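>>> Dropping a prediction and its sequence here:
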Amino acid sequence: MARLGAGTRKRADGTLEKRFTIDGKRYSIYGKNTKEISQKEQEIRKKIEAGIYTDNRNLTLDQYFAEWLTGKRNGTKGNTLKTYRSYYYKHISPQIGGRKVQQLERREILNMQRDISERLAATTCNGVMRTLKVVLNDAVHDDIILKSPADGIKALKETDKATETYHRALSEQEQKDFMQEMAKDYYYEFVLLLLCTGMRIGEAAALAWSDIDYRQNVIHVTKTVTFNENGTMAIGSPKSEAGKRDIPLNDTIKGVLSDQRKKLGNVLPMNDNRIFASVYGGIVHNHAINRAISDALARLEEQGRPMEHFTAHALRDTFATRYIEQGGSPQTLKTILGHSSLAMTMDLYSHVLPNTKQKEMDNLKIVI
């Protein structure tokens, strides 16, 4: 067995502990192997030398989160970091950020959850709690606390009502009326492409002309709009491999792309390969699309043709609904939408299938 070195011992749970002294003060670090404790020791020594080290016993949650977030910047997407920061500084820090990590109690976290739940939707509250649990679990791994005080705290029940409202498909008449009104807007071609392909806003906004493959007759979806930690937009990769896919072209989609190429004209520089741009030439933001949809709905209401409000996601739902209604295969729809599983597709659009099944049964001929 290799020697552990001075000041290092193996604990009963199999982990290693190393104790060392600097300026008469003793420090203890823990790790799975000698390499890990050596790295931790060097980090602590550098922080002490720089005057920025805080002893674990005095480390506040705010201080630990700042260190934790810095460590997460390598290998974590900007949009995820943005979410962590938002949840933490808006909802967690004001209530328990000043508390010492080692003194945090379960009842404090339960009180925080209860307070947040009175002000926010269950979905948001659960997102805040997930963030806190991730941070505290890492505090356990960093040997700051032995057990997370958030362990075992259950998530709030999220009702199906919000999901049903969110996933709304337009009727054929609504679709016709809306698109006629939308034709007056700068973002008409963008919205029409969403309706014809089921793409997400970020995926359409990230499209380049090089993604349009007329030889294979497909759109190569390989990118999406993401957000950096500071909230600025950038072009990045989809969240999952299923998001990278090919969507077949048809004559309608080709017409949309042709009209969009004419519309952009000389708006973008020659070396800018994007298909869509905002009114000001930047990346198209989801807020701009949803605002354009709201404006069209407002105009319809003024004309005495009111329509239940919806967001751009309804265009994706409408595409999927029309696809199944017209005999499309759910398995093929799954790949077009970029879902990771057929179950996800069926959960969202199974309400369309009863009528489709009846039509298919009516058309079925069995010779007897």
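Perfect, thanks for sending it.
>>> Determine the longest helix present in this structure.
For the chain, the longest helix by residue count, based on DSSP state H, is helix 122-141.
>>> just checking, what packs against that helix?
helix 61-72, helix 78-87, helix 106-119 (3 or more Cβ pairs under 8 Å, 6 or more residues apart in numbering; DSSP states H and E). Bear in mind the C-beta positions are built from the backbone N, C-alpha and C, glycine included.
>>> Tally up the residues packed near Thr42, please.
Quick fix: residue 42 reads Gln, not Thr. Per other Cβ atoms under 10 Å, the neighbour tally for Gln42 reads 10.
>>> Equivalent analysis for Glu41, please.
Neighbours of Glu41 under the rule other Cβ under 10 Å: 17.
>>> secondary structure element for it?
helix 34-50 (DSSP states H and E).
>>> Report the inter-axis angle for that helix versus helix 61-72.
Interaxial angle, helix 34-50 versus helix 61-72 (axes from the mean of the first three to the mean of the last three Cα atoms, to 10 degrees): 120 degrees.
>>> Skip ahead from the lowest-mean-pLDDT helix or strand in the chain and say which helix or strand is next.
Ranking every helix and strand in the chain by mean pLDDT, DSSP states H and E puts helix 161-166 at the bottom, with a mean of 44. On the C-terminal side of helix 161-166, the nearest following helix or strand under DSSP H and E is helix 172-182.
>>> now that next one, how far from the centre of its chain.
30 Å (Cα atoms, centre = their mean, to the nearest Å).
>>> same thing with stretch 134-153?
Using Cα atoms, centre = their mean, the offset of stretch 134-153 from its chain centre is 24 Å.
>>> Same check on stretch 323-340?
With Cα atoms, centre = their mean, you get 22 Å for stretch 323-340.
>>> can you check stretch 297-316 too?
26 Å.
>>> Which stretches in the stretch 151-300 of the chain count as strands?
212-213, 218-221, 224-227, 233-236, 245-248 (DSSP state E, counting those that start in this stretch).
>>> any chance of those strands in TSV, with distance to Phe65 and mean neighbour count too?
Formatted as TSV, the strands of the stretch 151-300 of the chain follow (distance: least, Cβ to Cβ, whole Å; neighbours: other Cβ atoms under 10 Å):
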stretch	distance to Phe65	mean neighbour count
strand 212-213	44	14
strand 218-221	35	19
strand 224-227	20	20
strand 233-236	24	16
strand 245-248	37	17
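>>> Report the buried residues of stretch 110-128.
Met112, Gln113, Ile116, Ser117, Leu120, Thr124, Cys125, Asn126, Gly127, Val128 (16 or more other Cβ atoms under 10 Å).
>>> nope, stretch 151-160 is what I was after
Leu156.
>>> Dump the C-alpha coordinates for that stretch into PDB.
Backbone C-alpha positions of stretch 151-160 (Å, rounded to 0.1, in the frame of the first residue of the first chain) are rendered in PDB as follows:
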ATOM      1  CA  ASP A 151     -32.600  16.400   1.900                       C
ATOM      2  CA  GLY A 152     -36.000  14.900   1.800                       C
ATOM      3  CA  ILE A 153     -37.900  18.100   1.300                       C
ATOM      4  CA  LYS A 154     -40.600  17.200  -1.300                       C
ATOM      5  CA  ALA A 155     -41.400  19.300  -4.400                       C
ATOM      6  CA  LEU A 156     -44.700  21.000  -4.600                       C
ATOM      7  CA  LYS A 157     -47.400  19.300  -6.700                       C
ATOM      8  CA  GLU A 158     -47.600  21.000 -10.100                       C
ATOM      9  CA  THR A 159     -51.100  20.900 -11.500                       C
ATOM     10  CA  ASP A 160     -51.900  19.800 -15.100                       C
END
